[in-house]
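J.: Any chance you could fold what I've pasted below:
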Amino acid sequence: MSASDSSEFEENAPDWDKEEKGVIERKKECDHKLPLAFKLKRHPCHCVCLPTSPHVVVADHKGVISVLHYDSYVESSSKSQDPNKSQLPQVSLKCVEKAHNSFFYLDSNASSTQLVSGGDGRSIVLSDIETGLKPVVRISKAHGSSISAVCWYNDSCVVTGDTRGRIKAFDVRMGNSGKRRRVFKFYEHEGEMTDFSGDSARRLLFASSTDSTMSTIDFRRTQYKMQSQPSSNGEMRSVLVMGEQESKVVCGLSDGHVQIYQKGYYGVHTESLPIFDQMPNGRADLNLDKMRAIGDNVYAVSDDNGHIFAYSLFPNRRLTKVGCHRLATECFDLDYSGNVLISCGADKLLKFWDVSVLAASEILEQRSKQTTKQQILAIRKCFDPAAAFFADLHDSNGA
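T.: Numbering: from 1, shown residues only. Alright, predicted model coming up:
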């Protein structure tokens, strides 16, 4: 276990609007000791945060699922804030492990401490963290091939996809028989299923696949609605529902592009954004394998080199570098508060990154370019003190 202290930020914020000053002040209110790093025993392959409690679950390549509970926090140094209010996690972690055979992919129930897992064993296991990951339900041979994606879609149903492109949904309230549990099955894809997402009303389910297409399923009617046109920008690796009133569906592609679908028009994408072209010395073939929404208009991605970046959807801008691993980033997720991003990498480290500034930011397409530029600069000053120094130096020279 190791911890590295982030540098203190400048005392004098630029004389901008109150909103830009607020971004700096929110960052200075906490006594930052991030990123925190926890050394894992084995190479991780997937992680998920519980949406109701400070737990992160990590699965490794040997099928061992570890539950880590971070129960200590950094208290705010600001006198105006409640000293008992939790801000950022410390390195005090308690680990509970449970060995399953080849369960690599995880997801959690939004309203309980239950976990669903699947992998090369072709079986689905529901376990409860409060009982030490004791299996509650096991659906044996749920798929004919290895499971490549899982999603706990609502309180009663889980959705899984396999390496042959098959999508299945199971009702966890039924008996142990997989056939009785199955809600629907669709065999529309020709490539491996990679990710699932859905709207907040849990009416529509979106699924991405390596055949460069996205499926839209009416979950309530158990009806397959449509499959998008194949993309020419690589395999679809992830899918998110974003935007105001969930008006956009965003897909990450293997060559570093982001494809955007408008609400109600999921057959053809409206925009394709090469986001990695905005990076210095960026390569067009960087794999956009992991994506997580931080807000309505902000999302985080990782590249093949272990770097984690934050982008705004509209306008398409790189906001800041959130953090990095020495080797590739295997997975990352937002914790239950929405203010801390937890990542695991091939360097066997679990890291915690403060993204509270990004979660509270309001970068909108309708604003002027100057206002948007000031907002982005304020965010970068919070994450990179060196950038703040050179930005102030540039402003003083320009004056």
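J.: how close does the one residue sitting closest to the centre of the chain get to W353?
T.: Here the mean C-alpha position of the chain is nearest to the C-alpha of R292 (C-alpha atoms, centre = their mean), at a distance of 2.8 Å. Here the distance between R292 and W353 works out to 11 Å (C-beta to C-beta, to the nearest Å). Where C-beta positions appear, they are placed from N, C-alpha and C, glycine not excepted.
J.: which neighbours do these two share?
T.: Each of L341 lies in contact with both R292 and W353 under the rule C-beta atoms under 8 Å, 6 or more residues apart in numbering.
J.: Mind pulling the model confidence for D296?
T.: According to the predicted model, the pLDDT of D296 comes to 85.
J.: swap in the one 10 residues further on?
T.: Predicted confidence (pLDDT) at G306: the value is 86.
J.: The closest residue to it other than its chain neighbours - how many residues pack around it?
T.: For G306, ignoring the flanking residues on the chain, the nearest one in space by C-beta to C-beta, 6 or more residues apart in numbering is H325 at 3.8 Å. Other residues near H325 number 24, with proximity taken as other C-beta atoms under 10 Å.
J.: contacting residues for H325?
T.: For H325, the set of contacting residues under the criterion of C-beta under 8 Å, 6+ apart consists of G306, S343, G345, A346, D347, L349, K351.
J.: Report the two of those residues separated the most.
T.: Of all pairs drawn from the contacts of H325, the one with the largest separation by C-beta to C-beta is A346 and K351; the distance is 12.4 Å.
J.: Comparing these two, which residue is more hemmed in?
T.: K351 (25 against 15).
J.: Test my guess that the more buried one contacts K39.
T.: No: counting by C-beta atoms under 8 Å, K351 sits too far from K39 to count as a contact (10.6 Å).
J.: Distance-wise, check the closest residue to F352 other than its chain neighbours relative to T52.
T.: Using C-beta to C-beta, 6+ apart and skipping residues adjacent in sequence, the residue nearest F352 is L36, 4.5 Å away. When distance is defined by C-beta to C-beta, L36 is 21 Å away from T52.
J.: of these two, who's got more company?
T.: A side-by-side neighbour count of L36 and T52, using other C-beta under 10 Å, places L36 first with 26 against 13.
J.: Isn't that one up against K351?
T.: Yes: counting by C-beta under 8 Å, K351 is a contact partner of L36 at 6.8 Å.
J.: Report the lowest-confidence entry in the contacts of H325.
T.: G306 (86).
J.: Can you give me the neighbour number for that one?
T.: Neighbour number of G306 under other C-beta under 10 Å is 18.
J.: residue contacts, it?
T.: Going by C-beta under 8 Å, 6+ apart, the list of residues near G306 reads C324, H325, R326, L327, A328, T329, G345, A346, D347.
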